[in-house]
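# Give me a 3D structure for the following:
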Amino acid sequence: MPTGTRHAVFETALGPCGIAWTEAGISRVALPEESARQLEHGLPGVAGDPPPAVREVMHGIVRLLAGQPETFAVLPLDTAGVADFNQRVYQITRSIPPGQTLCYGDVAARLGRPGAARAVGRALGENPWPIVVPCHRVVAADGSMHGFSAPGGLATKRRMLQLEGALAPDEPTLF
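I've put the predicted structure just below:
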């Protein structure tokens with residue numbers, strides 16, 4: 001854990017989220033958990049008052065999870081300890097606008113490694129900045145969703161894509 005890591009927990013429409021930061025940038029984002037207490041125990045560093053740039057990211061996450069398009073493409077990230085391949089995957093993933101998706105193979109092709117779709121999936125599974133690096137916008141070649149490791153799993157991924165307009169809302173049922 002880098003020296004000086006701080007974190008904060010904040011409420012969103014889907015539940016409490018968390019964010020951690022260092023002087024280098026955002027070091028971690030935690031998607032909604034069942035309780036703020038549970039979430040805070042999983043964040044690095046100590047609780048702190050977010051600086052203005054981090055506070056704006058928090059507000060952006062709140063807006064996005066309330067269904068308002070948001071992008072975080074220029075936000076500085078603390079990439080200490082993140083493999084070079086993963087950083088390249090995250091850079092491409094950050095370029096996917098709200099309401100759109102790419103498949104794992106598309107990301108691999110943009111990396112210049114067209115056969116690396118599974119490696120892209122592994123990198124996205126290690127994403128320390130979900131939402132800021134919108135791994136939920138990457139789907140299988142047939143449009144199906146696989147392997148979303150955040151709390152709530154594929155239901156959370158589906159809900160975020162619906163909020164952004166990339167997926168139609170679920171059909172209402174009688175029950």
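# For N127, give its distance to L65.
Taking Cβ to Cβ, to the nearest Å as the measure, N127 falls 17 Å from L65. The way it works is simple: take the backbone N, C-alpha and C, and place the C-beta from them, glycine included.
# Revised request: answer the last question for V139.
19 Å.
# which of the two has more neighbours?
Between V139 and L65, counting by other Cβ atoms under 10 Å, L65 is the more crowded of the two (23 against 20).
# Quick check: nearest residue in space to the more buried one, chain neighbours excluded?
With Cβ to Cβ, 6 or more residues apart in numbering as the measure, T12 is the residue that lies nearest to L65, at 4.2 Å, once sequence neighbours are left out.
# what bits of the chain have low per-residue confidence?
Applying pLDDT under 70 to the chain flags the ranges 1-3, 149-152, 170-175.
# switch the cut-off to 90
Low-confidence segments of the chain, defined by pLDDT under 90: 1-4, 13-15, 31-42, 64-75, 98-99, 131, 142-175.
# got the contact list for the residue nearest to L65?
T12 makes contacts with 32, 61-62, 65-66, as judged by Cβ atoms under 8 Å, 6 or more residues apart in numbering.
# Who does it form a beta bridge with?
G15 (DSSP bridges).
# how close does it get to I26?
As it turns out, when the distance is counted by Cβ to Cβ, T12 lies 16 Å from I26.
# E40: which element?
helix 36-41 (DSSP states H and E).
# Quick one: name whatever helix or strand follows that helix.
Once helix 36-41 ends, the next helix or strand along the chain (criterion: DSSP H and E) is strand 46-47.
# Sheet partners, orientation included, of that next one?
If you go by DSSP bridges, strand 46-47 pairs up with strand 6-12 (parallel).
# buried ones in the strand it pairs with?
Residues of strand 6-12 classed as buried under the neighbour-count rule (16 or more other Cβ atoms under 10 Å) are 6-10, 12.
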